[in-house]
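for reference, the sequence and a predicted model appear below.
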Amino acid sequence: MTGRPDAALSGNGTQGVGPVTDTFRGPLLEAVLGRLRPKDRWLVLDLGQASAGTLAFFSQARCWLGVADLGMELDALPTAPAALQSRFEALLPRPRTGEPVDLVLGWELCNYLPATAMTALVDTLRPYVRPGALFHQLLGYAAGSVPRVPSRFVLQSNASLKRVSAPEKRPGSPPTLQELESRMGECRLRHSVLLRNGLQECLSQWPGGDTATAGKPLPP
Amino acid sequence: MAMFDIGKRGSQPREVPEEPMDGLDKVFDDKSGGATERPASEQSSVRRREAAIVGPSIHIEGTLRGEEDLVIEGHVTGAVHLQGNSLTIGGQGRVEADLHARTIHVDGIVNGDLYGSELVAIRKTAQVQGNITAPRVSLEDGAHFRGAIDMDSRKEPASRPSTEPAKAPPRPAAGDADKGKPASGDGGSGKTGA
């Protein structure tokens, strides 16, 4: 299993070095989450690690929050597309009610997932999301290295994000926007914004966004 | 029963406030006006109540039912029903079962769904794979959790337009095939995910 940004800080000669944290605002994320009202029923799938802040944020409305914690599985993922899809099928939580997911959060995951895995993930998600569902991602644009393990992101009450990263780096080149788009099939990139902290916000959408969306997340 | 060290270890091994973390208390206060909070005297009464303990060397297979608080430090496979009482999965506890209780606190490992009629609290040492259903859920950062938390307690259609076209085919989740069974089903540990 891949480690945690917090847990990765011990036992490898870096005791005493704390995790690197920063808090930042993502205008695309804020625009999407700013539409959440207490009576809304959103189904949100967080592909990353569970956090108290994210839970608290979505507790403000009638949300279903699925947590996939895919970062823990990165080292164990198969390589063949069919096997990948089957693995993701097993890992992704889905509403018992059969309601489709409205919003997928995949913060920095694409920095770690190989291209075939990213495509398999989007293909796996397709039957479980509603037409027009949104996929919000963060990818690094400071090429050359990424934190040794995926960062933990905590949604704050004002829709800003706190990132907790391991200080150790490992070689890695996040995908370019073009590469990301080519990996995501019919889930098309709608907006992207460069942030000052070396991350790039990307908001993608599955087809069918013109259908009824009252009370649902919409692209800004 | 010998497997229960009833009363030997006093109340729950760790006393923690039962408030949700990171502002959840405010959220719930806002929603309920604090109406769900029990009087302090009642809370302290509950905390003083002694709990039965399943010790670390105990492995139970089957359905556990009871009308008193329970701490599990051992290995339980099957189902646990403590309606109206508190259940704690201790740091050494390992449970492959659906859990039903008034409040559920998890420090250890749980593979199964958690149904708390009042509160489910996942602490930072916990490893939980399953779905959580409770009016109040707290989760400490650092906990390993994979599953889903449904915060819609009203169970009524809202904000979902009637004109919405047919959705993508809702396939049952992997391992969810038994989710329609009655909550009291024995031996079920329907898990979300692997």
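In hand now; what should we look at?

confidence score at the residue nearest the centre of chain A?
For chain A, the residue nearest the mean C-alpha position is A:Gly106 (1.0 Å; C-alpha atoms, centre = their mean). We have a pLDDT of 96 for A:Gly106.

does the helix or strand in which it is found reach chain B?
The secondary structure element spanning A:Gly106 is strand A:101-107 (assigned by DSSP states H and E). No. Strand A:101-107 does not reach chain B (C-beta under 8 Å from any C-beta of the partner chain); its nearest approach is 9.1 Å. (Each C-beta comes from the backbone N, C-alpha and C, glycine too.)

so what strands line up beside that strand?
Applying DSSP bridges, strand A:101-107 is found paired with strand A:43-46 (parallel), strand A:129-140 (parallel).

by mean pLDDT, show me the worst of those.
Looking at the strands paired with strand A:101-107, the bottom one is strand A:129-140 with a mean of 94.

tell me where the chain has helices.
You didn't pick a chain, so chain A it is. Listed in chain order, the helices of chain A (DSSP state H) span residues A:27-33, A:52-58, A:81-91, A:115-125, A:177-183.

I was thinking of chain B, sorry if that wasn't clear
Taking DSSP H as the test, the helices found in chain B are B:24-32, B:40-48.

OK, contacts around B:Asp107?
Shown in contact with B:Asp107 (C-beta atoms under 8 Å, 6 or more residues apart in numbering or on different chains): B:14, B:88-91, B:93, B:123, B:125-126.

of all the helices of chain A, which one is nearest B:Ala134?
In terms of C-beta to C-beta, the element of those nearest to B:Ala134 is helix A:52-58, at 11.9 Å.

what is the neighbour count of residue 111?
Picking chain A for this. Neighbours of A:Asn111 under the rule other C-beta atoms under 10 Å in any protein chain shown: 19.

let's do chain B instead
Residues within reach of B:Asn111, counting by other C-beta under 10 Å, total 23.

the longest strand along chain B: which residues count as buried?
For chain B, the strand that runs over the most residues, judged by DSSP state E, is strand B:75-89. Using 16 or more other C-beta atoms under 10 Å in any protein chain shown as the test for burial, strand B:75-89 gives B:75-82, B:85-89.

cool, stretch A:27-43 as well?
Neighbour-count burial for stretch A:27-43, counted by 16+ other C-beta under 10 Å, picks out A:28-29, A:31-33, A:36, A:40-43.

which outside residues touch it?
Applying C-beta under 8 Å, 6+ apart, the contact partners of stretch A:27-43 are A:57-58, A:60-64, A:66, A:95, A:99-103, A:134, A:136, A:155, A:159-161, A:191-193, A:201-203, A:215-220, B:152, B:157-160.

same check, this time on stretch B:82-93
If you take C-beta under 8 Å, 6+ apart as the criterion, stretch B:82-93 is touched by B:12-13, B:46, B:51, B:54, B:56, B:64-76, B:80, B:95, B:99-110, B:117, B:125-126.

could the contacts of B:Asp107 go into TSV alongside pLDDT?
Listed next are the contacts of B:Asp107 as TSV, based on pLDDT from 0 to 100:
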residue	pLDDT
B:Arg14	45
B:Thr88	98
B:Ile89	98
B:Gly90	98
B:Gly91	97
B:Gly93	98
B:Arg123	97
B:Thr125	97
B:Ala126	98
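
most neighbours of all the residues you listed, which one?
Highest neighbour count within those, by other C-beta under 10 Å: B:Ile89, with 29 neighbours.

just to revisit the earlier point, closest one of the buried residues of strand B:75-89 to chain A?
Nearest to chain A among the buried residues of strand B:75-89: B:Ile89, at 16.7 Å, using C-beta to the nearest C-beta.

who does the closest one bridge with?
Going by DSSP bridges, B:Ile89 forms beta bridges with B:Ile72, B:Val106.

relative to B:Ala101, how far out is it?
In this view, B:Ile89 and B:Ala101 are 10 Å apart by C-beta to C-beta, to the nearest Å.

give me the low-pLDDT residue ranges for chain A?
Residues of chain A meeting the criterion pLDDT under 70: A:1-16, A:143, A:209-214, A:219-220.

apply 80 and report the result again.
Residue ranges of chain A with pLDDT under 80: A:1-17, A:141-144, A:209-220.

check chain B too.
Residues of chain B meeting the criterion pLDDT under 80: B:1-49, B:152-194.

how about 50 then?
Scanning chain B with the threshold set as pLDDT under 50 gives B:1-38, B:40-48, B:156-194.

which residue ranges of it form strands?
Assigned strands in chain B, in chain order: B:52-54, B:59-65, B:70-72, B:75-89, B:94-106, B:109-111, B:114-122, B:127-133, B:137-139, B:144-150 (criterion: DSSP E).

list the contacts for B:His81?
Neighbouring residues of B:His81 by C-beta under 8 Å, 6+ apart: B:63-66, B:100-101, B:184.

gap between it and B:Gly112?
B:His81 is 12 Å from B:Gly112, by C-beta to C-beta.

what about residue 110, how many residues nearby?
You didn't say which chain, so I picked chain A. Neighbour count for A:Cys110, taken as other C-beta under 10 Å: 24.

hmm, no, I was thinking of chain B.
When neighbours are counted by other C-beta under 10 Å, B:Val110 comes out with 30.

settle this for me: it is touching B:Gly130, isn't it.
Yes. Between B:Val110 and B:Gly130 there is a contact at 6.3 Å, judged by C-beta atoms under 8 Å.

any of the contacts of stretch A:27-43 buried? List them.
Among these, those scoring as buried are A:57-58, A:60-64, A:66, A:95, A:99-103, A:134, A:136, A:155, A:159-161, A:192, A:201-203, A:215-217, B:152, B:160 (criterion: 16+ other C-beta under 10 Å).

can you give me the end-to-end distance of stretch B:101-113?
Stretch B:101-113 has an end-to-end distance of 12 Å (C-alpha to C-alpha, to the nearest Å).
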